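1. Would you be able to build a 3D model of this:
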Amino acid sequence: MDRKKFFLSASLAAAGITLFKYIPFTSAKKNFDSKKVEVKINPLAVSRKKVGEKNV
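-> Predicted coordinates for the structure are as follows:
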């Protein structure tokens with residue numbers, strides 16, 4: 001491999017890795033707006049208020 005070709009491929013690989021790290025995450029942040037999330041509590045679920053004891 002020639003020296004010129006090595007530096008060209010190494011610089012393209014480094015540029016590709018840095019773009020791959022930053023571009024997908026910055027574009028994903030723009031698509032998601034902050035929305036209110038509703039959490040519904042299941043009344044039939046077992047409550048675990050005490051740690052280490054059997055909840056039967």
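
2. Name the helix or strand for Ala15, please.
-> Using DSSP states H and E, Ala15 maps to helix 3-31.

3. give me the low-pLDDT residue ranges for the protein?
-> Low-confidence segments of the chain, defined by pLDDT under 70: 1, 24-34, 47-56.

4. do that again at 50, thanks
-> Counting by pLDDT under 50, the chain contains no low-confidence residues.

5. Give me the buried positions along the helix holding Ala15.
-> The neighbour-count check on helix 3-31 (16 or more other CB atoms under 10 Å) flags nothing as buried. Glycine gets a C-beta too; all of them are placed from N, C-alpha and C.

6. helices or strands next to that helix in the packing?
-> Contact partners of helix 3-31 among helices and strands, from 3 or more CB pairs under 8 Å, 6 or more residues apart in numbering; DSSP states H and E: none.

7. Okay then, goodbye and thanks.
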